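Undergrad: Have a look at this prediction, sequence included:
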Amino acid sequence: MPPSKFIIAAVDGSAASGKSSTSRAVAERLNLLHVDSGAHYRAVTLLYLKSQRESGNAESIADYLTRIPVDVALVGRNARIRLNNYLPTGEELRAPEVTAMVSHFAAMPKVRNVLLEYQRGHEQTAREKGFAGMIMEGRDIGTVVFPHADFKFFLSAAPGKRAERRAREGLEDSIAKRDKMDSGRKVAPLACASDAIRIDSSYLSLEAVVNKVCAIIEGRDA
């Protein structure tokens, strides 16, 4: 059953910890708008790789983002980012060259600042479209984007398990390298909010993790 009041749930965690699968399943079960904030940075990375702009120039990237339309496209319960009237496909966002550079773009303070307002705007979208709430996944959702979220979760998993999952997804990025970049960036680093509920998904099935998250949101015994 959907929550009795509009809720915001934040799901943070490192790569391959189960954030996306869990968030999508919870959104489906509880009639929540699902937002993958990582896709926002992948879309920006893709846009600049396509346009061959100077990826190291944060000033240029942020300025360009303020001059193009950045809006939301709803695909079922999923909020997809549309940049300059272009809606990237999942395959494009997961391309190896995008995966290799996304942490670089995500570490740029001015890029994050430009996208922050856009990300927070999903709350209004969810309300206007009649969802029972929204669930956003990422690395700084509970600490920066929605620090006052009704529910905060932080997913983790053993490095070996995460590497196996990435391999099954056809992604070859280094888990250790991504962790170091995401946790070490100066602005909005990957971090567990002090009031977040930690869930280690190493040896739990997706269904078990989803059941636990839903039980907490619904106020049942987890």
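TA: That came in fine, so what should we check first?

Undergrad: C-alpha from now on. contacts and neighbour counts both.
TA: Fine.

Undergrad: Would you mark the buried spots in the top helix by length along the chain?
TA: Using DSSP state H, we find that the single longest helix of the chain is helix 37-51. Buried positions in helix 37-51, judged by neighbour count with 16 or more other C-alpha atoms under 10 Å: 37-48.

Undergrad: after the lowest-mean-pLDDT helix or strand in the chain comes which helix or strand?
TA: Using mean pLDDT, DSSP states H and E, helix 175-184 stands out as the lowest-scoring helix or strand of the chain, at a mean of 74. Heading C-terminal from helix 175-184, the first helix or strand you meet, by DSSP states H and E, is strand 197-200.

Undergrad: Which element is encountered next along the chain beyond that next one?
TA: Next helix or strand after strand 197-200 toward the C-terminus (DSSP H and E): helix 206-217.

Undergrad: how distant is that following helix from the center of its chain?
TA: Relative to its chain's centre, helix 206-217 lies at 18 Å (C-alpha atoms, centre = their mean, to the nearest Å).

Undergrad: hmm, back to that, contacts for the least confident helix or strand of the chain?
TA: Contact with helix 175-184 is made by 14-15, 103-104, 107, 139, 159, 162-163, 189-191, as judged by C-alpha atoms under 8 Å, 6 or more residues apart in numbering.

Undergrad: quick one: low-confidence parts of the protein?
TA: Residues of the chain meeting the criterion pLDDT under 70: 1, 52-59, 169-176, 221-222.

Undergrad: what angle sits between the helix or strand harbouring residue 60 and helix 37-51?
TA: Per DSSP H and E, residue 60 falls inside helix 58-67. Relative orientation of helix 58-67 and helix 37-51, computed by axes from the mean of the first three to the mean of the last three C-alpha atoms, to 10 degrees: 100 degrees.

Undergrad: How much space separates residue 47 from residue 85?
TA: Computed as C-alpha to C-alpha, to the nearest Å, the residue 47 to residue 85 distance reads 11 Å.

Undergrad: I should have written residue 98 there, sorry.
TA: Separation of residue 98 from residue 85 (C-alpha to C-alpha) stands at 19 Å.

Undergrad: Have a look at these two and say which one is more surrounded.
TA: When neighbours are counted by other C-alpha atoms under 10 Å, residue 98 and residue 85 differ, and residue 98 comes out ahead with 21 against 12.

Undergrad: Wasn't that one part of a helix?
TA: Yes: assessed with DSSP: H, G, I helix; E, B strand; the rest coil, residue 98 lies in a helix.

Undergrad: show me the contacts for it.
TA: Contacts of residue 98 by C-alpha under 8 Å, 6+ apart are 42, 45-46, 49, 92.

Undergrad: What of residue 22?
TA: Residue 22 sits next to 206, 209-210 when contact means C-alpha under 8 Å, 6+ apart.

Undergrad: Same question for it, what's its three-state structure.
TA: For residue 22, the assignment made with three-state DSSP gives helix.

Undergrad: Repeat that for residue 74.
TA: Once three-state DSSP is applied, residue 74 turns out strand.

Undergrad: where does the nearest residue to it once chain neighbours are set aside land in three-state SS?
TA: Leaving aside its sequence neighbours, residue 74 sits nearest to residue 80 (C-alpha to C-alpha, 6 or more residues apart in numbering; 6.1 Å). Taken by three-state DSSP, the conformation at residue 80 corresponds to strand.
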